[in-house]
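Asks: Sequence unavailable; structure follows:
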C-alpha cells in the first residue's frame, strides 16, 4: 500500500465539489500539468469539512484552472504531515503557499517506493 495520495485529479469546479460531504480529510491542489501547488486539510474547525475548504479554494483561485484530489481521513493532521514530507522528498521543496502558511519544521520521511 502506497502512502502517496494517488487518486486521479479532478477539475476544481462547483460540480465536482458538490458531492463531497462534510468529512474531515486532506486535499491537494495542482496545476493543469499535475504539479502539486498546495496541500491542505479540513479539520475540526472547518465548518463543513472538505466541502467548505474546497469551496474556499475555488473562490480564491477563480479564473485559474486548477485540479484537486482528496482523501477522507480522521487522522487528518498526521496524514497532512505525511503528504508534506512526501512532497519534500519528491521535489526537494514544499509548495510556496505551504511554506508561508505553515512555517514549521518538516520531519524526514524515506519512502521505500
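Replies: Looks like it arrived, so ask away. This one's a predicted model, so the numbers in the text were calculated from it and none came from an experiment.
Asks: what about residue 16, distance to residue 108?
Replies: According to C-beta to C-beta, to the nearest Å, residue 16 and residue 108 sit 34 Å apart. The C-beta positions use only the backbone N, C-alpha and C, and glycine is treated the same way.
Asks: Neighbour count for those two, which is higher?
Replies: Between residue 16 and residue 108, counted using other C-beta atoms under 10 Å, the more crowded position is residue 16 (14 against 8).
Asks: The lengthiest helix in the chain - contacts with which helices or strands?
Replies: Longest helix in the chain by number of residues (criterion: DSSP state H): helix 76-91. Here helix 76-91 touches strand 25-30, strand 36-42, going by 3 or more C-beta pairs under 8 Å, 6 or more residues apart in numbering; DSSP states H and E.
Asks: Name the residues of the helix or strand following it that are buried.
Replies: Going down the chain from helix 76-91, the next helix or strand is helix 96-101, by DSSP states H and E. Buried residues in helix 96-101, defined by neighbour count with 16 or more other C-beta atoms under 10 Å: residue 98.
Asks: contacts for helix 96-101?
Replies: Helix 96-101 has contacts (C-beta atoms under 8 Å, 6 or more residues apart in numbering) with 37, 38, 39, 84, 87, 93.
Asks: repeat that with 7 Å
Replies: 38, 39, 84 (C-beta atoms under 7 Å, 6 or more residues apart in numbering).
Asks: The second one and residue 5 touch, don't they?
Replies: No: the criterion here is C-beta atoms under 7 Å, and residue 39 misses it with residue 5 at 8.8 Å.
Asks: follow-up on the earlier one: got a winner among the contacts of helix 96-101 for most neighbours?
Replies: residue 39 (23 neighbours).
Asks: Thank you, goodbye.
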